[in-house]
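Q: Below are the sequence and a predicted model; questions follow.
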Amino acid sequence: MRHTVMRGLVPAMLALVLVAPTLQARQADPRLEALKEEALQKVQDNSKMVQEIVDMLFSFGELGFQEFETQKYLTGLLADHGFAIEKGVAGIPSAWTARWSNGTGKPVIALGSDVDDIPQANQKPGVGYHDPIVPGAPGHGEGHNSGQAVNIVAALAVKDIMERENISGTLLIWPGIAEEQVGTKAFYVRDGVFDGVDVNLFTHVGDNFGMSWGTGGGNALWSVQFKFVGESAHAAGAPWRGRSALDAAMLMATGWEYHREHLQPAARSHYVIVDGGDQPNVVPQTATIWFYLRERDYEKTKAMYDAAVKMAQGAALMTNTEIDTIQTVGTAWGRHFSKPVAEIEYANIERVGLPKWSDADITLAKGIQRELGQEEVGLATKLDSLGGPVDLSRSLGGGSDDIGDVSWNMPTVTLRFPSNMPGLPGHNWANGIAMATPIAHKGAVAGAKVQALTLLDLLLRPKIIADAWDYFNNVQTKEQKYIPFITAADKPATFLNADIMEKYRPLMRPYYYDPSKYDTYLDQLGITYPTVHPKAISDRQDGQQQDRQGGAAGEGGL
Ligand SMILES: [Zn+2]
């Protein structure tokens with residue numbers, strides 16, 4: 001078109017076109033270094049907000065799909081800071097997004113972290129032995145009360161800078177709802193919650209900083225409930241007239257135990273019977289068994305699912321009952337994280353470094369490690385190195401996280417930040433002990449610093465995002481394409497945990513954190529930090545009254 005007219009200018013223009021992006025790519029925005037220093041200071045200055053968010057979510061202690069106090073509090077806070085809130089995304093009432101845009105709105109960086117907790121994991125913070133606030137109640141025995149503080153405080157620091165410096169971009173903050181049921185992230189992906197997102201920065205609590213890229217070592221997961229229906233009858237008067245749905249559930253479980261011998265070493269599977277009938281003198285007319293089926297990839301996990309369906313059919317045949325429903329409750333792909341983003345984020349981890357732990361922090365950590373018969377290693381003092389891809393053919397499997405589904409749809413990383421203690425069993429009251437103490441607060445402040453630095457890198461160095469998509473399209477998904485476990489017809493299992501929260505919420509509400517009256521949640525509960533047993537359980541005699549370091553203040557009034 002114009003090249004005939006402007007023939008003489010073409011070589012010069014071509015040179016400009018070719019050189020300019022390369023130069024821009026190589027040279028970071030000249031403001032970047034100063035803005036990073038400013039962001040570090042802003043996060044530090046806002047560490048009170050980190051502590052309040054961490055403590056508040058800890059006190060709510062909400063199970064998956066029931067995170068309504070958490071939703072109200074966090075969306076209120078983000079709305080106050082100018083974020084546009086959308087509640088009930090992907091048909092999940094306790095889910096939400098918070099979006100803020102500047103300039104052109106590009107790039108779009110999403111910041112996510114889980115918010116749900118664990119059944120029966122209720123625990124007083126800062127107390128190094130089992131001592132619940134509300135016995136039997138759920139609690140943050142996974143530490144999911146800390147990640148939103150990391151993301152929100154980082155986002156607020158960077159938002160200020162973006163406004164003043166006219167930096168374009170969108171910050172999209174989102175919660176992992178019902179992560180313990182791997183219940184929502186595949187639905188977020190399916191229903192377009194992340195449409196237009198350039199990079200997804202996920203955070204998860206750990207006992208050190210952590211960052212990795214490539215194939216993760218965990219498993220994919222298919223969570224599925226099998227409901228059987230039979231016929232009730234008087235279990236003593238006319239048992240021959242009954243057809244027991246519980247028999248079907250138990251035979252299915254027994255069949256699965258025989259099948260287990262023939263699974264590969266990386267496979268993990270476990271089940272609970274969530275409905276085993278009403279009472280013994282009534283032949284159970286309904287029964288439901290809930291399986292978690294885990295393998296390394298989509299195909300192997302689907303093979304486990306297909307085997308379980310056959311076993312359910314066999315169990316129904318044997319008992320003359322019917323399969324009423326086979327409901328997918330949650331799913332997760334194995335994780336694969338972005339190499340270019342992980343490398344940038346790891347450099348920021350090295351820059352921020354681990355928090356400075358106090359003697360009290362270390363005393364608490366050693367106290368619970370001793371209590372659980374673990375090595376008394378205290379807290380992390382040396383950074384883990386950047387992790388690389390795991391060879392799945394040698395993997396022995398492990399846990400799952402539905403961030404895997406997100407990671408197969410856009411460049412994604414998980415920042416693990418040091419808000420918890422080493423040597424704990426996971427999904428347990430012990431994992432809640434540190435989660436509303438200075439250990440959690442300092443770890444989350446450090447995490448927020450790393451997250452803020454990474455946001456600035458992504459906003460001011462466009463080449464990172466280009467590299468991330470190049471890796472995503474041309475390495476990660478070159479051969480392996482994402483096939484969701486869920487179908488278009490599947491619905492999120494939002495009924496889960498409603499009954500448990502209905503029972504315990506009234507008992508937990510009196511202990512919700514009130515920052516207008518108390519500096520910290522430890523202050524509100526009257527807990528002396530730390531409160532630990534001086535000796536291991538094995539060294540004590542049963543029933544012996546124990547002296548407790550820091551006194552017994554943690555026992556009082558709860
Ligand atoms: Zn988790």
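A: It's in. Numbers count the residues shown, from 1 in each chain.
Q: now E62: how far from V134?
A: Applying C-beta to C-beta, to the nearest Å, the value for E62 to V134 is 13 Å. All C-beta spots, glycine's among them, are computed from the backbone N, C-alpha and C.
Q: Looking at those two, which one has more neighbours?
A: When E62 and V134 are compared on other C-beta atoms under 10 Å, the one with more neighbours turns out to be E62, at 26 against 19.
Q: how about the strands in the stretch 51-200 of the chain?
A: Across the stretch 51-200 of the chain, reading from the start of the chain, the strands by DSSP state E, counting those that start in this stretch fall at 84-87, 96-102, 108-114, 169-176, 199-206.
Q: Now do the third one against strand 169-176, angle only.
A: Here the directions of strand 108-114 and strand 169-176 differ by 20 degrees (axes from the mean of the first three to the mean of the last three C-alpha atoms, to 10 degrees).
Q: Can you mark which positions in strand 108-114 are buried?
A: Of the residues in strand 108-114, V108, I109, A110, L111, G112, S113, D114 count as buried by neighbour count, 16 or more other C-beta atoms under 10 Å.
Q: Can you name the two of these that sit furthest apart?
A: V108 and D114 (20.9 Å; C-beta to C-beta).
Q: Can you say which of the strands of the stretch 51-200 of the chain is nearest to T520?
A: Ranking the strands of the stretch 51-200 of the chain by distance to T520, with C-beta to C-beta as the measure, places strand 199-206 first at 18.2 Å.
Q: tilt between that closest one and strand 108-114?
A: 20 degrees.
Q: average model confidence for the next helix or strand after strand 199-206?
A: Scanning forward in sequence from strand 199-206 by DSSP states H and E, the next helix or strand is strand 214-215. Across strand 214-215, pLDDT averages out at 96.
Q: All the helices of the stretch 351-500 of the chain, in order from the start?
A: With DSSP state H, counting those that start in this stretch as the definition, the stretch 351-500 of the chain shows helices at residue ranges 359-371, 403-407, 438-460, 462-471, 498-508.
Q: again, but for the stretch 151-300 of the chain
A: Shown for the stretch 151-300 of the chain, the helices assigned by DSSP H, counting those that start in this stretch span residues 185-190, 245-260, 298-319.
Q: So for D29, which of those sits nearest?
A: Judged by C-beta to C-beta, the one of these that comes nearest to D29 is helix 185-190, at 31.4 Å.
Q: what does that closest one contact?
A: 89-92, 95, 174, 176, 179, 194, 330-333, 402-406, 409, 484-486, 488, 490, 492 (C-beta atoms under 8 Å, 6 or more residues apart in numbering).
Q: can you tell me which residue is nearest the centre of this structure?
A: Centroid-nearest residue in the chain, with C-alpha atoms, centre = their mean: D114, separated by 3.7 Å.
Q: mind checking how far that one is from A452?
A: Counting by C-beta to C-beta, the gap between D114 and A452 amounts to 20 Å.
Q: so where is the stretch 101-250 of the chain shaky, pLDDT-wise?
A: Segments of the stretch 101-250 of the chain classed as low confidence (criterion: pLDDT under 70) are not present in this model.
Q: picking that back up, just send the buried residues of strand 108-114 back as a markdown table, with distance to T477 too.
A: Output for those, formatted as a markdown table (distance: C-beta to C-beta, whole Å):
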| residue | distance to T477 |
| --- | --- |
| V108 | 19 |
| I109 | 20 |
| A110 | 18 |
| L111 | 23 |
| G112 | 20 |
| S113 | 24 |
| D114 | 25 |
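Q: Let me know the closest of those to Q41.
A: Each of the buried residues of strand 108-114 was checked against Q41 using C-beta to C-beta; the closest is L111, at 20.0 Å.
Q: Run through the residues that contact the residue lying closest to that closest one once chain neighbours are set aside.
A: Among residues not flanking L111 along the chain, N151 sits closest, at 3.9 Å (C-beta to C-beta, 6 or more residues apart in numbering). With C-beta under 8 Å, 6+ apart as the criterion, the residues that contact N151 are L111, G112, S113, I173, L201, T203, A448, Q451.
Q: quick one on the thing from earlier: just put the helices of the stretch 351-500 of the chain in CSV and tack on mean pLDDT, distance to A266 and mean neighbour count.
A: CSV is the format used below for those (pLDDT from 0 to 100; distance: least, C-beta to C-beta, whole Å; neighbours: other C-beta atoms under 10 Å):
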stretch, mean pLDDT, distance to A266, mean neighbour count
helix 359-371, 97, 29, 21
helix 403-407, 97, 15, 27
helix 438-460, 98, 30, 27
helix 462-471, 98, 25, 18
helix 498-508, 98, 32, 15
